[in-house]
Every structure is written in structure tokens, then in C-alpha cells.
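**Student:** Following is a predicted model, sequence given first.
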Amino acid sequence: MTRPITVGVDGSAESLAAVQWAAREAVRRGLPVRVVHAWEKSDGADEPAGAREALAETVRDLADRHPDLPVSTGLLDGGPVEALVTAAADAEMLVLGSRGHGAIVGFLLGSVGQQVIAESGRPVVLVRAGDRAETEAAGREIVVGQQGGPDDSAAALRFAFETAAARGAGVRVVRAWNLPTLYTFSPGSMKLLDEAGGLEPYEKKALREALQPWREQFPDVPVTQHVEIGSAGEVLLSVAARAQLMVVGRRAHRSAVGARIGSVAHAVMHHAPCPVAVVPPA
């Protein structure tokens, strides 16, 4: 079954940029696009005025720009979070504008957008209004964060390498580390550090091991290994200017007020100037 790239629209400049990003990515990957509008039915109200025509206009625009791209549309009723998460379930990825109004109001700061990211079982890509095809030019990298062992960031690494392969781009894999506190030392951890030759060599070794299967699977993708001391969010943002896409893994936490997203993804979503892909665990 071929999964489409699904993009949510609400009429904002951000969502229109998201449509164009989704279309370019679909062409590169040989996938169809599905354009959806999520709305919440209340008091027996009919579909939002002009929604069908807006979707039809989007299809006409995509047909002009990408005549061979298969495009379908959908009006999704019910709660916007549930509707968008459901739409994402059958998609290769869900693409949204990073700010908007209507169904995804206050995307970066509001609860709806964060819940979609936290609950989606598929990658969610956030696109700003100023995004242009020129930002995907040669020389700009796919930047991805890696942490923990080989399995901890596997889904994010897969997404980054697949995207880089489709674009003919290189991947910069960033692993940030901090000095451990006294209480985190143990005889076992000290032995591992001694064998590696110290803290930084240990982190570099961990990154090499995490990358090995992806280097083997994507031998034509250039890879830059970036190991730096500091918080993961700060280190990722320090290289964001050279990125055409930033990829981070998602660590969703649930609390009494609903799903929350990990601090690294939260920082990158707010401050990265390029599109950001938030990838759930495999």
C-alpha cells in the first residue's frame, strides 16, 4: 500500500507553504498527496463556508505546478486533534503550517498542535510561511539529532537518511552531551569510559555505532558526525542555519493536562528557521 503525504490546510499562508513543501517532497519520493481540512462540527452546522472550493483551488494550483502528481482531498469533521491524528495514521507523514488559524490555531504554542505532534504515530513536518524551494538547494544539509543507543533514535535517523537520499543531500548527525554528575558514575560506566578513552571519545563511539546500519543502507548519502558538549536543543539550533530540514525524535510525556512534547523537540519547533520533522519512536 502506497502511503500519501498528507497536508493539513486552513487557508493561512503557513498552510499554503506546507502544501507546496508536501508536493515537492511527494514528487521526489514518487508518492501522492492528500490535502485535508479539519473542522469541528457544532450545533448542527454544515461544512465551513468555502472549504470545498478552497480544497478544489488547492488541487488546481498543484495540477498547474506538478501536473503528474496524484492529489486527493478530504474534509475531516470531529475534533481537530483526533481528525488530524487519524489522517496521519495512513500517511507517510503529516505536513502542517507552523502557525495558523481555525482548526490548528496557535500551532506552535497552542494545545491542539502540540497534541497532534504528541499523539501522531507518523512523522509530523512543520513548515513556516517563508519556506521556499530555494532552501532545498544543494549544499544545505538534513540535520538530525541522535541520542542514547542505536535503537533510541532509529526512527529519526531513518527519516533523515530517506529524505537525504531522495534529495541528493548530505546528513549532519548531531549528538550533544554534558558532563555527568557525581551521582551518575558507577563502576560499570567508569569502565566503559576508560575503554573509550574519556567522555568525548565515548560519545563519538556511541554515535558511530548508531550510524553504522544507516551508512550501510544508504552508502551514497554523505554523513557529517557532529559531537558537541551542550544541551541538545542549543547544539541543534547552532547548526540550523545550514539545514534545509531538521529532524528530531519525539518523546511525548503525558500529564494531567494532556500530552506534552520533549524539551528538545519543543525548542527546535519554536526556533529553527527551516522546516522541522518530529518523528515518533519506531
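**Tutor:** Received the coordinates, thanks.

**Student:** Can you pull the phi/psi pair for Gly8?
**Tutor:** Dihedral angles phi and psi of Gly8 (degrees, to the nearest 10) take the values phi -90, psi 130.

**Student:** you'd agree it is up against Leu94?
**Tutor:** Yes: using Cβ atoms under 8 Å, Gly8 and Leu94 qualify as a contacting pair, with a distance of 6.8 Å. Every C-beta, even on glycine, is put in place using the N, C-alpha and C of the backbone.

**Student:** Now do the shared contacts for those two.
**Tutor:** Where contact means Cβ atoms under 8 Å, 6 or more residues apart in numbering, the residues bridging Gly8 and Leu94 through contact with each are 84, 87.

**Student:** neighbour count winner among the two?
**Tutor:** Relative neighbour count places Gly8 above the other of Gly8 and Leu94, with 31 against 28, counting by other Cβ atoms under 10 Å.

**Student:** and that one, what is it in contact with?
**Tutor:** Applying Cβ under 8 Å, 6+ apart, the residues near Gly8 are 15, 18, 36-38, 84, 87, 94-97, 103-104.

**Student:** Which one of those sits in the busiest neighbourhood?
**Tutor:** Within the contacts of Gly8, neighbour counts (other Cβ under 10 Å) peak at Val95, which reaches 31 neighbours.

**Student:** just to revisit the earlier point, got the contacts of Gly8 as TSV, with secondary structure and pLDDT columns?
**Tutor:** Conversion of the contacts of Gly8 to TSV gives the following (DSSP: H, G, I helix; E, B strand; the rest coil; pLDDT from 0 to 100):
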residue	secondary structure	pLDDT
Ser15	helix	87
Ala18	helix	93
Val36	strand	94
His37	strand	90
Ala38	strand	82
Leu84	helix	93
Ala87	helix	95
Leu94	strand	97
Val95	strand	95
Leu96	strand	91
Gly97	strand	87
Ala103	helix	40
Ile104	helix	41
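
**Student:** Let me have these in TSV, extended by distance to Arg140.
**Tutor:** Rendered in TSV, the data for the contacts of Gly8 read as follows (distance: Cβ to Cβ, whole Å):
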residue	distance to Arg140
Ser15	23
Ala18	19
Val36	29
His37	31
Ala38	31
Leu84	29
Ala87	29
Leu94	23
Val95	19
Leu96	22
Gly97	21
Ala103	31
Ile104	27
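
**Student:** And these, which is closest to Ser153?
**Tutor:** Nearest to Ser153, judged by Cβ to Cβ, of the contacts of Gly8 is Leu94 at 20.2 Å.

**Student:** Is it correct that Ala155 is in contact with Val279?
**Tutor:** Yes: counting by Cβ under 8 Å, Ala155 sits close enough to Val279 to count as a contact (4.9 Å).

**Student:** how about the nearest residue to Arg28, chain neighbours excluded?
**Tutor:** On the basis of Cβ to Cβ, 6 or more residues apart in numbering, the spatially nearest residue to Arg28 that is not a chain neighbour turns out to be Ala166, at 4.3 Å.

**Student:** so what sits against both of Ala155 and Val279?
**Tutor:** Counting by Cβ under 8 Å, 6+ apart, the residues touching both Ala155 and Val279 are Gly249.

**Student:** Domain map for this protein?
**Tutor:** Per the record's domain assignment (automatic domain parsing), the chain is made up of the domains 5-131, 138-279.

**Student:** could you give the mean pLDDT of the longest one?
**Tutor:** So that's domain 138-279. Taken as a whole, domain 138-279 has an average pLDDT of 86.

**Student:** Endpoint to endpoint, it covers what distance?
**Tutor:** This stretch, domain 138-279, spans 24 Å end to end (Cα to Cα, to the nearest Å).
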